[in-house]
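Visitor: No letters, just coordinates:
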């Protein structure tokens, strides 16, 4: 497919599959990561390893894979953290979210991505957001992202397109999509190099990858793997 | 009017009038400034002075004026500057904008403001954007901001309202609005303490305030003042 894409690439399973999806169909693909002192910062360390293996092991994709960008969005910590806590009483544990949770984070990420895409002349913004078995954050929803596309295009006088190839598939189908895109080699890469565990655990190895095995992210990843393996022995 | 407002307050003329407008009608008003290494950084230094005078000289407003927040958005510099320039050839002087111009800046600012408002339980976001005699940036336009309100409310599951009281009035009418809201005292405060000049000039004093007197921002401010004075001797 014609055109250039910028992929929001965190180093997690979903954004890695979204990246493979983009490499499969766009002429040029660049990647963007966000550093905001996230708890599972280990995910950021996975990024260059994944990119390196994609370049080395997937020759048709290697020449499409362009620059990798990384932005410091520690402003998220400012909003979530002490800068605003002096007179703050709300949100402690609200909906199970930590007090440092920043609402609308994906709106911020896509807005920054759109600014980068504008400069890099990329028409497509690709993200691994999913409404099927997800965290429930409303900024991951399809409605939000479609409204955001319209807003960004009005505000930047561009014709960007937001693509979310995982929006309507569950975690089992995400493994299937990965297999279809890159075969067993891509499955291995995802198992070995992508990170999902909220605890940042890279010690315990499971069939489906590294992680503590008990946090919600690990359980989601494990159960998707079980269902995928059941239908793809 | 019921409710709490968060005003995007830069220290410039427009956002100061927007702040006065908010103080005139909301029970509680907080302010938010953005630090991104802007050239006319002197504008940020004007902020506490303006807030202090509003508290001291406008007694009905003093008790409504709450916390002042300031966020570091140096990520704008990262996007505009060297972090992305390695393979960049575009935008030098494009539409007269500097290479460090970041498209959609107001979308970013309102998204951050919405996150702060969410934590501070403010329903109204107020900004001094204006489509009448303005820079031409599409992220100041009414269509953009209305689409953004819908996006933010979808993405945060809130019912925020974006208010832009200056959207459809010119700079002469902005002075008139200031007079209606705060009388001659507010006009004096705006002349003496708000900053518009792109060159950051706080030396040369004119009837309408400080500034180089020749940059586009000064000329816009001066011509609005002339028209206002002609009809309000």
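Guide: Cool, the structure landed. A quick note: this is a predicted structure, and the numbers were derived from the prediction, not measured.
Visitor: Residue A:199 - that's part of a helix, no?
Guide: No: under DSSP: H, G, I helix; E, B strand; the rest coil, residue A:199 falls outside any helix and is assigned coil.
Visitor: what's next to the longest helix along chain A, contact-wise?
Guide: Secondary structure of chain A read by DSSP state H shows that its longest helix is helix A:171-193. By CB atoms under 8 Å, 6 or more residues apart in numbering or on different chains, the list of residues contacting helix A:171-193 from outside reads A:13-14, A:16-17, A:20-21, A:24, A:46, A:49-50, A:53-54, A:57-58, A:130, A:132-133, A:165-166, A:169, A:207-209, A:220-221, A:223-225, A:227-228, A:231-232. All C-beta atoms are positioned from the backbone trio N, CA, C, and that covers glycine.
Visitor: got it, and stretch A:72-83?
Guide: When contacts are defined by CB under 8 Å, 6+ apart, stretch A:72-83 is touched by residues A:34-37, A:84, A:99-102, A:105, A:108-109, A:112, B:69, B:71-75, B:78, B:112, B:115-116, B:119.
Visitor: Which SSE is immediately downstream of the helix or strand of chain A with the lowest mean pLDDT?
Guide: When the helices and strands of chain A are scored by mean pLDDT, DSSP states H and E, helix A:75-80 comes last with a mean of 86. Read in the C-terminal direction, the helix or strand following helix A:75-80 is helix A:105-120, with elements assigned using DSSP states H and E.
Visitor: Give the other helices and strands that that next one contacts.
Guide: Contacts of helix A:105-120 with other secondary structure elements, assessed using 3 or more CB pairs under 8 Å, 6 or more residues apart in numbering or on different chains; DSSP states H and E, are made with strand A:4-8, strand A:28-35, strand A:65-72, strand A:124-126, helix A:142-156, helix B:75-80, helix B:105-120, helix B:142-156.
Visitor: please redo it, this time with the cut-off set to 6 Å
Guide: For helix A:105-120, the elements it packs on are strand A:4-8, strand A:28-35, helix A:142-156, helix B:105-120, judged by 3 or more CB pairs under 6 Å, 6 or more residues apart in numbering or on different chains; DSSP states H and E.
Visitor: So in that sheet, which strands flank the second one, and in what orientation?
Guide: Partners of strand A:28-35 in the sheet, by DSSP bridges, are strand A:4-8 (parallel), strand A:65-72 (parallel).
Visitor: ranking these by burial, who's on top?
Guide: For the strands paired with strand A:28-35, average neighbour numbers computed from mean count of other CB atoms under 10 Å in any protein chain shown are highest in strand A:4-8, which has a mean of 25.
Visitor: Quick one: mean pLDDT for it?
Guide: Along strand A:4-8, the predicted confidence averages to a pLDDT of 98.
Visitor: Can you list phi and psi of the residue nearest to residue A:41 when sequence neighbours are not counted for me?
Guide: Counting by CB to CB, 6 or more residues apart in numbering or on different chains, the nearest residue to residue A:41 once its immediate chain neighbours are dropped is residue A:200, at 6.9 Å. Listed backbone geometry of residue A:200 is phi 70, psi 20, with angles given as degrees, to the nearest 10.
Visitor: Ok, the one 5 residues further on next?
Guide: Dihedral pair for residue A:205: phi -100, psi 130, per degrees, to the nearest 10.
Visitor: what do you get for residue A:203?
Guide: Comment: the main-chain dihedrals of residue A:203 come out as phi -100, psi -50, following degrees, to the nearest 10.
Visitor: any idea how far it is from chain B?
Guide: Relative to chain B, residue A:203 is positioned 33 Å away (CB to the nearest CB, to the nearest Å).
Visitor: One more: residue A:221?
Guide: Using CB to the nearest CB, which is the criterion applied here, residue A:221 is 25 Å from chain B.
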